[in-house]
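> I would like the atomic coordinates for the input below:
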Amino acid sequence: MTKKSSPVTTSQSDAILQLELAVEHYVHRAEQYFEQRFERPQIRYDLRGLTAGMALPDAWELRFNLPMYLRQPEAFLAQVPGHEVAHLIAHRLFAPANSLRSGLSLRGGLRPRRQKRLQPHGQEWRAIMQQVFELEPITRHQLQAEPARKERTVTYVCQCTQHELGIRRHHNVLRKGAVYRCKHCHTNLRPVEGRC
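Numbering: from 1, shown residues only. Model (predicted):
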């Protein structure tokens, strides 16, 4: 069974083109700086929730949160594509498996550290953000985010107040006999009748 995808509107296709051009811009800057060619990464728009972007260096792929991008395109373009491309470039040039063949360094003599794995926001990534892309090496985006889905809750009560338990904890009560206590009155929480 194939999964249907929703149709892409003209404004969405224009926005996607802008995002792809931003990725191209940062890859091109890295090519100029390091004087070598980098293949263009695969780009997917399947992230949801609080994550704006994700780099998958082994697959040479970038994933972006399209709904978040469409809600605030200017801020997204200023923060996310360069951040994610920097992950790909840092991994390609400085990951332990790759760094032996590259022999590259950044301005200031930065060379890859001898380590088992590259730190995601380590000195190599920060140097690429600052020296190559001329961006602030911020590790967390400052975009307004909406959770992928609103967590369902079930109302429980104690002697002093009402509590909202997430569905996972509610199922622990029903299926595993878990007991949760109020932090204030220290009595067991019980579901409100008729709301389970």
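> now do the buried residues in the helix or strand residue 77 falls within.
Using DSSP states H and E, residue 77 maps to helix 73-94. For helix 73-94, the neighbour count (16 or more other C-beta atoms under 10 Å) marks 75-94 as buried. (Glycine included, C-beta is placed from N, CA and C.)
> now it: average pLDDT?
In this model, helix 73-94 has a mean pLDDT of 96.
> who are the packing partners of it?
helix 10-34, strand 53-56, strand 61-64, helix 66-71, helix 96-102, helix 123-127 (3 or more C-beta pairs under 8 Å, 6 or more residues apart in numbering; DSSP states H and E).
> got the angle for that helix vs helix 10-34?
Helix 73-94 and helix 10-34 meet at an angle of 40 degrees, taking axes from the mean of the first three to the mean of the last three C-alpha atoms, to 10 degrees as the criterion.
> so what does the nearest residue to residue 129 once chain neighbours are set aside look like in phi/psi?
Excluding its sequence neighbours, the residue lying closest to residue 129 (C-beta to C-beta, 6 or more residues apart in numbering) is residue 137, at 4.0 Å. With angles defined as degrees, to the nearest 10, residue 137 sits at phi -80, psi 70.
> mind checking how far the residue nearest to residue 125 when sequence neighbours are not counted is from residue 27?
Spatially, and ignoring its direct neighbours in sequence, residue 125 is nearest to residue 90 (4.5 Å; C-beta to C-beta, 6+ apart). To residue 27, residue 90 is 13 Å away according to C-beta to C-beta, to the nearest Å.
> same check on residue 64?
Going from residue 64 to residue 27 by C-beta to C-beta gives 15 Å.
> looking at the two, which is more packed in?
More crowded of residue 64 and residue 27, by other C-beta atoms under 10 Å: residue 64, with 24 against 19.
> pLDDT wise, what is the more buried one at?
Residue 64 is assigned 97 on the pLDDT scale.
> same check, this time on residue 176
You'll see residue 176 listed with a pLDDT of 93.
> can you pull the phi/psi pair for the closest residue to residue 33 other than its chain neighbours?
In this structure, residue 33 finds its nearest non-sequential neighbour in residue 132, 4.6 Å apart by C-beta to C-beta, 6+ apart. Dihedral pair for residue 132: phi -90, psi -50, per degrees, to the nearest 10.
> let the chain start at 6 from now.
I'll keep to 6 as the first residue from here, and by that count the last item is residue 137.
> show me the contacts for the closest residue to residue 62 other than its chain neighbours.
Leaving aside its sequence neighbours, residue 62 sits nearest to residue 96 (C-beta to C-beta, 6+ apart; 3.5 Å). With contacts defined as C-beta atoms under 8 Å, 6 or more residues apart in numbering, the neighbours of residue 96 are 60, 62-63, 103, 123.
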